[in-house]
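Enquirer: predicted structure and sequence below. I'll ask about it afterward.
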There are 2 protein chains.
Amino acid sequence: MHDQTSESGYFTEAESADVVIARNQKATDQRLAEVMAVITRHLHAAVKEIEPTEEEWMKAIQFLTATGQICNEWRQEYILLSDILGVSMLVDAINNRKPSGASESTVLGPFHVDDAPLMEMGADICLDGKGEQMEVRGTIRDLDGNPLPNVLIDVWQANDEGFYDVQQQGIQPEFNLRGRFRTGPDGTYRFWGVRPKYYAIPDDGPVGKLLGALGRHPYRPAHLHYILSAAGYKTLTTHIFDPDDPYIHSDAVFGVKESLMAAFQKVDSPDEMAASEREGWFWRVEHDFILEDAGRNG
Amino acid sequence: MHDQTSESGYFTEAESADVVIARNQKATDQRLAEVMAVITRHLHAAVKEIEPTEEEWMKAIQFLTATGQICNEWRQEYILLSDILGVSMLVDAINNRKPSGASESTVLGPFHVDDAPLMEMGADICLDGKGEQMEVRGTIRDLDGNPLPNVLIDVWQANDEGFYDVQQQGIQPEFNLRGRFRTGPDGTYRFWGVRPKYYAIPDDGPVGKLLGALGRHPYRPAHLHYILSAAGYKTLTTHIFDPDDPYIHSDAVFGVKESLMAAFQKVDSPDEMAASEREGWFWRVEHDFILEDAGRNG
């Protein structure tokens, strides 16, 4: 047998990644060439560790194909795959490294809607009256502890059955459990919603089958979504989580961070109920945020 | 900020792969769990080296989705992606490690058809008379040099324009340039075909766009396909290649190996033409194969 080197352009098992990478030298986009070199190196290293049979390779081909084919305008199974492999959170972490003290980010998720209604502070984002009422409040500050005025707070949440309005069109009112608020001079915010519940990510496709085969459940612990933006500060996309949720330690998409816990406190004293101008008991969630100024390097 | 460990189940950038892998401990299929651990580790390492922006991550999601969506019953874009990244050849190499002296394998490709006609040795697989005629011949032996009888030789090739019959239904006759032959006691084989030409892999989809961006052409150098099978011997799936092809050093799918070269010799002397019972000149390709017995470990 002849000795084959990557100089000939011929493939060898030993030099497999080098042969492929050498072929990309005329790439017009240098960043693409660098990215593909990293991907090729890790892909070949993984194949060499796994030593797949031809049947296993075909199963992988079929999985990747099916994952693409189930996607449509309202379903993105490849983002779901990225999520359950922790890749979405890793990309989020890399792009949102925070100085000590600033609030941490987490994944955007697929259910954000632009242009939710701009509301008065203290308004109720629940439009159908379903679920256990919840007051959410806190203060937004800079890293020096100064309250921040003029922060646009974009919030959205699933209802008490675990569904977002966009998943239940015709059942929930449009823009149910979504709202945007702007802080005043004291940096505080306050609105009403309903206590959220854990919910399953879509698990009837290839990614759901993979989760099942890996012995994993498809649930995300109860949470509220926030995007906080203000001129001169880095935009923060994050959630707050219910620390008492049964899935708090096993979020299917790895979105939970210790610093994003916000206890749900039951408020049922007559005085407090009266002070909040609400009939009956409710849940109260308090969570402050600290924004990083835009000039900092992440 | 709190210190987060994988014990809590919470994600951290530093321990990202460990957190994800720890979640798969209840997998019912141990092989799947091992495979996913290797994939997760390399995937996270690649993301950490690349440090993709969120836009780049979204581009990757869109590429993977489009690659799945263009697949249909006659087009498999994920196999094509595996091919142009050298992964198909790597899986072939891992599954077909040969002892010194045995003929080397290469990829099957997507154009094999079961049940091609069984023909008499010396028959012509070209059914439409198009192209430059080519005689192909050789001997099949075992590792000790003994000629092998009863070897089933399954051959197929593209025509002189670079298309297989299945790509030109209604233009080429069914089973054009395909045939199966069985060796006699002397282990020799011989058939007629047409000199093949280089051709492009399908390059109008996401994989073709990626090839273009990487500065690569989509061509495979001219080749003939073989599957050789015989009782007691390992089945060999391979090609022979035209060493004078312009793309011999840059096969888009990395299928070429030095040991698979077979020179196309022009035969135009009156004596030889008469001996071959052919009118006019022709190409002659001679290539012997050595099969490994089935008992060996690959």
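Expert: Cool, got the structure. Numbers count the residues shown, from 1 in each chain, chains lettered A, B, ... in the order given.
Enquirer: immediately after the helix or strand of chain A with the lowest mean pLDDT, which helix or strand?
Expert: Ranked by mean pLDDT, DSSP states H and E, the weakest helix or strand in chain A is helix A:270-275, scoring a mean of 89. Using DSSP states H and E, the helix or strand that follows helix A:270-275 in sequence is strand A:282-286.
Enquirer: what residues does the least confident helix or strand of chain A touch?
Expert: A:Val267, A:Glu279, A:Gly280, A:Trp281, A:Phe282 (CB atoms under 8 Å, 6 or more residues apart in numbering or on different chains). Quick note: C-beta positions are derived from backbone N, CA and C, even for glycine.
Enquirer: repeat the analysis, applying 7 Å as the threshold.
Expert: Applying CB atoms under 7 Å, 6 or more residues apart in numbering or on different chains, the contact partners of helix A:270-275 are A:Val267, A:Gly280, A:Trp281.
Enquirer: from the chain's centre, how far out does the helix or strand hosting A:Phe63 sit?
Expert: With secondary structure defined by DSSP H and E, A:Phe63 is part of helix A:54-69. Between the centre of helix A:54-69 and the centre of its chain there are 26 Å (CA atoms, centre = their mean, to the nearest Å).
Enquirer: which elements pack onto that helix?
Expert: helix A:77-84, helix A:206-213, helix B:54-69, helix B:77-84, helix B:87-95 (3 or more CB pairs under 7 Å, 6 or more residues apart in numbering or on different chains; DSSP states H and E).
Enquirer: and these: which comes nearest B:Ile248?
Expert: helix B:87-95 (15.4 Å; CB to CB).
Enquirer: packing partners of that closest one?
Expert: Using 3+ CB pairs under 7 Å, 6+ apart: helix B:87-95 touches helix A:30-50, helix A:54-69.
Enquirer: want to throw the ones you listed into CSV with distance to B:Ile70?
Expert: Listed next are these as CSV, based on distance: least, CB to CB, whole Å:
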stretch, distance to B:Ile70
helix A:30-50, 20
helix A:54-69, 8
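Enquirer: got the phi/psi numbers for the residue in the stretch 101-250 of chain A that chain B sits nearest to?
Expert: With CB to the nearest CB, the shortest gap between the stretch 101-250 of chain A and chain B falls at A:Gly215, namely 2.8 Å. Taking degrees, to the nearest 10, you get phi 70, psi 20 for the backbone angles of A:Gly215.
Enquirer: and A:Met134, which helix or strand is it part of?
Expert: strand A:133-142.
Enquirer: need the next SSE after that strand, C-terminal direction.
Expert: Next in line after strand A:133-142, if elements are assigned by DSSP H and E, sits strand A:152-156.
Enquirer: what about that following strand, distance to the chain center?
Expert: So, by CA atoms, centre = their mean, the centroid of strand A:152-156 is 15 Å from its chain's centroid.
Enquirer: what lies in contact with that strand?
Expert: A:111-113, A:116, A:125, A:177-183, A:189, A:191, A:224-230.
Enquirer: can you tell me which of those residues are classed as buried?
Expert: A:116, A:125, A:177-181, A:183, A:189, A:191, A:224-230 (16 or more other CB atoms under 10 Å in any protein chain shown).
Enquirer: thinking again about what came up before, quick check: the residue of the stretch 101-250 of chain A closest to chain B vs B:Pro110, distance?
Expert: Separation of A:Gly215 from B:Pro110 (CB to CB, to the nearest Å): 35 Å.
Enquirer: so what pLDDT did the residue of the stretch 51-200 of chain A found nearest chain B get?
Expert: Residue nearest to chain B within the stretch 51-200 of chain A: A:Gly68 (1.4 Å; CB to the nearest CB). pLDDT recorded at A:Gly68 is 98.
Enquirer: what residues does it make contact with?
Expert: A:Tyr78, B:Leu64, B:Thr65, B:Thr67, B:Gly68, B:Gln69.
Enquirer: ok now do the second one, which residues does it touch?
Expert: Right, the one you point to is B:Leu64. Counted by CB under 7 Å, 6+ apart, B:Leu64 has contacts A:Gly68, A:Tyr78.
Enquirer: could you check how many residues crowd around the nearest residue to A:Arg278 once chain neighbours are set aside?
Expert: Closest residue in space to A:Arg278, ignoring its immediate chain neighbours: A:Gln133 at 6.6 Å, by CB to CB, 6 or more residues apart in numbering or on different chains. A:Gln133 sits with 20 neighbouring residues when counted by other CB atoms under 10 Å in any protein chain shown.
Enquirer: surely A:Gln133 meets A:Asp160?
Expert: No. With contact defined as CB atoms under 7 Å, A:Gln133 does not reach A:Asp160; the gap is 10.2 Å.
Enquirer: identify the contacts common to those two.
Expert: In contact with both A:Gln133 and A:Asp160: A:Val194, using CB under 7 Å, 6+ apart.
Enquirer: grab the nearest non-local neighbour of A:Leu236.
Expert: Per CB to CB, 6+ apart, closest to A:Leu236 is A:Leu228, 4.5 Å.
Enquirer: tell me the phi and psi of that neighbour?
Expert: Backbone phi and psi, for A:Leu228 under degrees, to the nearest 10, turn out to be phi -110, psi 120.
Enquirer: could you measure from it over to A:Ile153?
Expert: For A:Leu228 relative to A:Ile153 (CB to CB), the value is 6 Å.
Enquirer: low-confidence regions, chain A specifically.
Expert: Under the criterion pLDDT under 70, the flagged ranges of chain A are A:1-7, A:296-298.
Enquirer: spatially central, which residue of chain A would that be?
Expert: A:Val107 (2.1 Å; CA atoms, centre = their mean).
Enquirer: quick revisit: mind putting the contacts of A:Gly68 into a markdown table with distance to B:Ile94?
Expert: Shown next, in a markdown table, are the contacts of A:Gly68 (distance: CB to CB, whole Å):
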| residue | distance to B:Ile94 |
| --- | --- |
| A:Tyr78 | 27 |
| B:Leu64 | 24 |
| B:Thr65 | 29 |
| B:Thr67 | 23 |
| B:Gly68 | 25 |
| B:Gln69 | 29 |
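Enquirer: return the member of those residues nearest to B:Phe241.
Expert: Looking across the contacts of A:Gly68 and measuring by CB to CB, the closest to B:Phe241 is B:Thr67, at 27.7 Å.
Enquirer: circling back: who are the contact partners of the residue nearest to A:Leu236?
Expert: A:Ile140, A:Val151, A:Ile153, A:Thr235, A:Leu236, A:Phe289, A:Leu291.
Enquirer: check A:Arg75 too.
Expert: By CB under 7 Å, 6+ apart, the neighbours of A:Arg75 are A:Pro202.
Enquirer: how far does stretch A:221-241 stretch from start to finish?
Expert: This stretch, stretch A:221-241, spans 7 Å end to end (CA to CA, to the nearest Å).
Enquirer: now do stretch A:250-257
Expert: 11 Å.
Enquirer: contacts for it next, please.
Expert: A:83-84, A:86, A:88-89, A:104, A:106-107, A:201, A:211, A:216-221, A:239, A:241, A:248, B:4, B:9-11, B:19-20, B:23.
Enquirer: just these: which are in strands?
Expert: A:Tyr219, A:Arg220, A:His239, A:Phe241 (DSSP state E).
Enquirer: could you list the residues of the stretch 151-298 of chain A in contact with chain B?
Expert: A:Ala213, A:Leu214, A:Gly215, A:Arg216, A:His249, A:Ser250, A:Phe254, A:Val256, A:Lys257, A:Glu258, A:Ser259 (CB under 7 Å from any CB of the partner chain).
Enquirer: possible to save the residues you listed as TSV with distance to A:Asp144 and neighbour count?
Expert: Output for those, formatted as TSV (distance: CB to CB, whole Å; neighbours: other CB atoms under 10 Å in any protein chain shown):
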residue	distance to A:Asp144	neighbour count
A:Ala213	50	15
A:Leu214	45	18
A:Gly215	47	15
A:Arg216	42	19
A:His249	34	13
A:Ser250	37	17
A:Phe254	32	27
A:Val256	28	27
A:Lys257	23	24
A:Glu258	23	16
A:Ser259	19	16
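Enquirer: farthest-apart pair in those residues, please.
Expert: A:Ala213 and A:Ser259 (32.6 Å).
Enquirer: quick one, what contacts the closest residue to A:Pro147 other than its chain neighbours?
Expert: Once flanking residues are discounted, A:Pro147 sits nearest to A:Gly187: 2.7 Å by CB to CB, 6+ apart. Neighbouring residues of A:Gly187 by CB under 7 Å, 6+ apart: A:Thr139, A:Ile140, A:Arg141, A:Pro147, A:Leu148, A:Pro149.
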